[in-house]
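S.K.: Sequence plus the predicted model coming up.
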Amino acid sequence: MANIKEIAKLAGVSVKTVTRAYKRDAVISPETRERILKIAKENGYRPNRAAGRLAAKTIVIGICYAGTTESFNRELAAGIADAAKKLENSRIRLIPRYVSYLSDEASYISVLDEFADAGVDGIITTYSGTSDRIVQRYAGLREKKTRLVLLNNENRELFDFSVTSNIEILFWERAAWCALIRRRQRLVLFTGELRNRRHAGIAGHFSCAAAKRGLSLSGVYDLDYLPCPADELLKRLISDGLGSAYITTGNSADIIDALDRADPGRRIRVIASDIFPHTEKALKSGRVCAIIYQNPYKQAKTSLLRLYAMIAEDAVVPPCIMTPPQIILESNIGWYLG
């Protein structure tokens, strides 16, 4: 008859997790419990009920959604909700909070302090800022053994793991699409706030990919800080031979409207990011010819399931989990929308 250490080795889990599998109210995923019990039965293992007991514990996870794009946050929240539903037989409690702007450091620090006071076991956040004050808060949380997860971005230094789209693949594909959909060589990148680490990385990757494709990048423009009104800027770019535009941020409604005014004949081919009401409408009308979908739902669901496994089962999680981007056209958007 096998002992508990042998069962743990066969199941690929810790001894503590095997013990949890035999406690009805212990924190453990249903799939892991079922796998352990099956292996134990096959090997004739029976637990020693008198051996040490783990106190049942509710795992508390703080979730912080940062940014102004409500549709994107709704997809993230839906992924978190479905992951929590999958864990409904486990003891887990979520504390969701919202920060209006990615650069609103004071509000984010207040959220971190609230999470610390609540004694959360883990935090999932989309906030990517790394000021000294934020780094100090993270250090204090880590001292308390709080697990930290960065969503829709990557930072291997401050977080236990990150879940995001593969930026390199993402932008090689986007640059290739710009080349395919418009034979003219000039293109422009409209992005979100460049003070944000992710948006700055986006600009760098895309510029590199465009150069290697032999494309001429007319400029990278932060939509939060345009050098002049959008209509004026587009008029100038069009006169310089602009053929394609890629919009990397979800806050793209105003620039898409400006493109309609500046280019009513739709000679400029436009690629947008993620499925929002305005990008869906633009795709169906022909203003946008493709959408690159980062699948925030899948990113969020993956982040909670992996974080839970890390906390409850001592699971080893890679430092960065990358989800592949998907290309959405007018012909297949119905499938994504269900």
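M.R.: Looks like it came in fine.

S.K.: rest of the way, CA atoms for contacts and neighbours
M.R.: Noted.

S.K.: Who are the contact partners of M322?
M.R.: Residues near M322 by C-alpha atoms under 8 Å, 6 or more residues apart in numbering: V163, T164, S165, N166.

S.K.: Report the separation between the second one and N152.
M.R.: Noted for T164: a distance of 4 Å to N152, by C-alpha to C-alpha, to the nearest Å.

S.K.: Now the common contact residues for those two.
M.R.: Q299.

S.K.: all strands of the stretch 201-338 of the chain, in order?
M.R.: 216-222, 244-247, 269-273, 290-293, 320-323, 326-328 (DSSP state E, counting those that start in this stretch).

S.K.: Walk me through which strands the longest one pairs with, and which way each runs.
M.R.: Which is strand 216-222. Strands flanking strand 216-222 in the sheet, each with its direction: strand 186-191 (parallel) (DSSP bridges).

S.K.: can you list the residues that contact the partner strand?
M.R.: Strand 186-191 is contacted by residues 178, 199, 202-203, 215-223, 241-249 when judged by C-alpha under 8 Å, 6+ apart.

S.K.: closest to I123 out of the strands of the stretch 201-338 of the chain?
M.R.: I123 sits nearest to strand 320-323 of all these, at 15.7 Å, using C-alpha to C-alpha.

S.K.: Now find how far off-centre the closest one is within its chain.
M.R.: What separates the centre of strand 320-323 from the centre of its chain is 9 Å, taken as C-alpha atoms, centre = their mean, to the nearest Å.

S.K.: coming back round to it: please indicate which of the contacts of strand 186-191 are buried?
M.R.: 178, 199, 202-203, 215, 217-218, 220-223, 242-249 (16 or more other C-alpha atoms under 10 Å).

S.K.: one step back: quick one, which of the strands of the stretch 201-338 of the chain is nearest to L37?
M.R.: With C-alpha to C-alpha as the criterion, L37 lies closest to strand 320-323 of the strands of the stretch 201-338 of the chain, at 28.8 Å.

S.K.: Give me the mean pLDDT for that closest one.
M.R.: Averaged across strand 320-323, the pLDDT comes to 90.

S.K.: I124 belongs to a strand, doesn't it?
M.R.: Yes: under DSSP: H, G, I helix; E, B strand; the rest coil, I124 falls within a strand.

S.K.: what residues go with each domain of this protein?
M.R.: Following the assignment in automatic domain parsing, the chain carries domains at 1-56, 59-164+296-322, 167-293.

S.K.: mind putting those domains in TSV, distance to N332 included?
M.R.: As requested, the domains of the chain are exported to TSV (distance: least, C-alpha to C-alpha, whole Å):
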stretch	distance to N332
domain 1-56	33
domain 59-164+296-322	18
domain 167-293	10
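
S.K.: That concludes my questions; thank you for your assistance.
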